[in-house]
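In: dropping a prediction and its sequence here:
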Amino acid sequence: MRTYLIFAHVLNIFLLFPVGFLGLLLFMNISEPGNIPPVSPIDIGIVITMLVMWAVSYWYQIWKKEWGPLLVANLIFLVALFVLIVMIMPFLFDIFY
């Protein structure tokens with residue numbers, strides 16, 4: 001049980017790094033001003049969505065305390081993160097900007 005909790009906490013800390021790094025990059029704009037505001041509602045919505053997905057995944061892992069859901073939940077989180085950043089985010093920017 002102790003090994004599971006340590007592994008779950010360490011793994012979820014590593015999953016927060018890409019979310020935090022992306023959040024930092026979304027709000028730092030070093031390019032010239034254009035038609036997209038430096039802090040857009042899409043960026044804020046993406047970061048909040050990623051944090052909510054991570055929190056639900058983390059809660060489910062701690063609640064179940066089994067190795068299968070731990071690995072599956074993290075894999076689903078990474079796939080959802082990839083889909084959100086690569087497919088949905090550019091689509092929203094095309095629609096609104």
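Out: Everything's here; your move. Numbers count the residues shown, from 1 in each chain.

In: residue contacts, the residue nearest in space to the middle of the chain?
Out: With distances taken as Cα atoms, centre = their mean, the chain has M50 as the residue nearest its mean C-alpha position (3.3 Å). Contact criterion Cβ atoms under 8 Å, 6 or more residues apart in numbering gives 19, 22-23, 81, 84 as the residues in contact with M50. Using the backbone N, CA and C atoms, a C-beta is placed for each residue, glycine as well.

In: check which helix or strand covers it.
Out: For M50, the host element (DSSP states H and E) is helix 41-64.

In: I'd like the next helix or strand past that helix.
Out: That would be, after helix 41-64 and using DSSP H and E, helix 67-83.

In: flag every buried residue along that next one.
Out: Judged by neighbour count using 16 or more other Cβ atoms under 10 Å, the buried positions of helix 67-83 are 70, 73-74, 77, 80-81.

In: what angle do that helix and helix 41-64 make?
Out: 170 degrees (axes from the mean of the first three to the mean of the last three Cα atoms, to 10 degrees).

In: which stretches of this structure have low pLDDT?
Out: Regions of the chain meeting the criterion pLDDT under 70 cover residues 29-38.

In: how close does the residue nearest to the centre of the chain get to F27?
Out: M50 sits 14 Å away from F27, going by Cβ to Cβ, to the nearest Å.

In: contact partners for A8?
Out: When contacts are counted by Cβ under 8 Å, 6+ apart, A8 touches 58, 61-62, 70.

In: that one: which element?
Out: Using DSSP H and E, A8 falls within helix 2-27.

In: one more: V39?
Out: Using DSSP H and E, V39 sits in no helix or strand.

In: once you drop chain neighbours, what's closest to it?
Out: With sequence-adjacent residues excluded and distances taken as Cβ to Cβ, 6 or more residues apart in numbering, V39 is closest to F27, at 5.8 Å.

In: what's around that neighbour, how many residues?
Out: By other Cβ atoms under 10 Å, the residues close to F27 number 13.
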